[in-house]
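Q: what follows is a predicted protein model with its sequence.
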Amino acid sequence: MRTECEENPVLQRDLEEIAQSSVPFEKLAGKTVFVTGATGLIGSQIVRALGCRNRLHGDNIHLVVLARSYEKAEKLFRPLIERGELTVVLGDINALPAVDGPIDYIIHGASATSSQYFVSHPVETILTAIDGTRAVLQLATEKRVQGFVYLSSLEVYGTPAADAGLIQETYSGYIDPLQVRSSYSEGKRMVECLCASYAAEYGVPVRIARLSQTFGPGVEYHDGRVFAEFARCAIEKRNIVLHTPGRTVRSYCYTKDAVTALLTILLCGESGQAYNVTNMDTAVSIREMAEMVCRIFPGSGIQVEMDTPKDLSSFGYNPEMVIRLDSRKLQALGWKAETGLEEMFLRLVESMQSYL
């Protein structure tokens, strides 16, 4: 029987570790799980991990994924399609098609993800968040699902105060609603309120996962985010060029840890509640992360360079900030992060090299 990700041994190893983890998969046995954003980094790994669980433990989880391109979905999930474990629903989150049959659980990850897109298409960013999620919540209401997790972001905290310390789920930072870059952050905030409202008014068992920046095997080689650029620099032996002083501090999470976190929240979290998803030991500045990459790949011979343009607005960067998420609420559900930042980059580079 074919494995779920034969082309990427690093990712396949992670999928099998997820399938053997302490996540209470028995709750999903024989159930149907609907996933939006299924062809994205995190969504695809959730789908493949559940398929891996089926192969290793015979849990008979049926997967239904929303995709705009059948070809892309088939490329990612061919072994699961061939095994009869996965159904592709063709359509867009902004015009959600009918989904036949029962749905027991929903993992909603469809969202705009590019900072430059937030700036160039702020209206679409907002409407995709609100209208798309409303449609999925309505589907959850009609199907009477047993669990629903919405993939939110640390960006709902905006710019924390300088003395904020560890950011818990009750914290609210500052977001300027008149900045178009806020389209993503404000959209996520409004959708969280929409989720809580559907939980209160219609009894939808929806939980919210506030993800820190997440990466690991499965990131595409030409991904535009900063961690991917740093990894490419190590592979291609190019100096890392920073366009800002790199003083922003945030925490990160490894993809495998994020997947186990999301499944834990889905199956064990409290309805109407939000949970931070992060490795609390990974908080570093962008500059420190760049220097770390230079250090852990000494064979690349790379260094950090500074090149600060006069106008940064077109890059879509967030304001400079320090944001350290507190994940103890999630840890109380039985989850813990297992992979540190250095190992995250070592596995990311190994994975990206498999695409060359």
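A: Arrived safely, thanks for sending.
Q: tell me the bridge partners for Val64.
A: Phe34, Thr87 (DSSP bridges).
Q: and for it, the neighbour number?
A: Residues contacting Val64 under the criterion other C-beta atoms under 10 Å number 21. C-beta here means a position set from N, CA and C on the backbone, and glycine is covered the same way.
Q: thinking it is in contact with Pro102, fair?
A: No. Judged on C-beta atoms under 8 Å, Val64 makes no contact with Pro102 at a distance of 9.8 Å.
Q: what is in contact with those two at once?
A: Common neighbours of Val64 and Pro102 (criterion: C-beta atoms under 8 Å, 6 or more residues apart in numbering): Thr32.
Q: what separation do you get for the residue nearest to the spatial centre of the chain and Gly187?
A: Centroid-nearest residue in the chain, with C-alpha atoms, centre = their mean: Ile42, separated by 4.6 Å. Ile42 sits 18 Å away from Gly187, going by C-beta to C-beta, to the nearest Å.
Q: what is the lowest-mean-pLDDT helix or strand in the chain packed up against?
A: When each helix and strand of the chain is scored by mean pLDDT, DSSP states H and E, helix 115-120 comes last, with a mean of 90. Where contact means 3 or more C-beta pairs under 8 Å, 6 or more residues apart in numbering; DSSP states H and E, helix 115-120 is packed against helix 122-143, helix 182-202.
Q: now Ala199. Nearest residue, chain neighbours left out?
A: Spatially, and ignoring its direct neighbours in sequence, Ala199 is nearest to Gly272 (4.0 Å; C-beta to C-beta, 6 or more residues apart in numbering).
Q: shouldn't the one you found be within a helix?
A: No. Applying DSSP: H, G, I helix; E, B strand; the rest coil, one finds Gly272 to be coil, outside a helix.
Q: stretch 35-42: end-to-end distance?
A: 11 Å (C-alpha to C-alpha, to the nearest Å).
Q: give me the contacts around that stretch.
A: 43-44, 46-47, 63-67, 69, 72-73, 76-77, 93, 106-111, 113, 132, 136, 151, 211, 214-215, 218-219, 255, 258-259, 262.
Q: could you redo the last one with a cut-off of 7 Å?
A: 43-44, 46-47, 63, 65-67, 72-73, 76, 93, 107-111, 113, 136, 151, 214, 218-219, 255, 258-259 (C-beta atoms under 7 Å, 6 or more residues apart in numbering).
Q: what's the average pLDDT for stretch 294-314?
A: The average pLDDT for stretch 294-314 rounds to 84.
Q: mind listing the helices for the stretch 251-356 of the chain?
A: 255-268, 286-296, 328-331, 341-353 (DSSP state H, counting those that start in this stretch).
Q: quick one: closest of these to Asn54.
A: Between Asn54 and the helices of the stretch 251-356 of the chain, the tightest spacing by C-beta to C-beta is seen for helix 255-268, at 14.0 Å.
Q: how far does the closest one sit from its chain's centre?
A: 10 Å (C-alpha atoms, centre = their mean, to the nearest Å).
Q: show residues contacting that helix.
A: Contacts of helix 255-268 (C-beta under 7 Å, 6+ apart): 14, 17-18, 21, 23-24, 27, 41-42, 45-46, 49, 105, 107, 147, 149, 207, 209, 211, 214-218, 275, 277, 279, 330, 333-335, 337-339.
Q: rerun at 8 Å
A: 14, 17-18, 21, 23-25, 27-28, 41-42, 45-46, 49, 105, 107, 147-149, 151, 207, 209, 211, 214-219, 253, 275, 277, 279, 330, 333-335, 337-339.
Q: now it against helix 341-353, angle please.
A: 110 degrees (axes from the mean of the first three to the mean of the last three C-alpha atoms, to 10 degrees).
Q: can I get helix 255-268 in CSV, CA atoms only?
A: Extracted in CSV, the C-alpha atoms of helix 255-268 (Å, rounded to 0.1, in the frame of the first residue of the first chain):
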residue,chain,number,x,y,z
THR,A,255,4.1,21.9,11.4
LYS,A,256,3.9,18.4,13.0
ASP,A,257,3.3,20.0,16.4
ALA,A,258,0.7,22.4,14.9
VAL,A,259,-1.2,19.4,13.4
THR,A,260,-1.3,17.5,16.7
ALA,A,261,-2.4,20.8,18.4
LEU,A,262,-5.3,21.4,16.0
LEU,A,263,-6.5,17.8,16.3
THR,A,264,-6.3,18.1,20.1
ILE,A,265,-8.3,21.3,20.1
LEU,A,266,-10.9,19.8,17.7
LEU,A,267,-11.4,16.7,19.9
CYS,A,268,-10.7,18.0,23.4
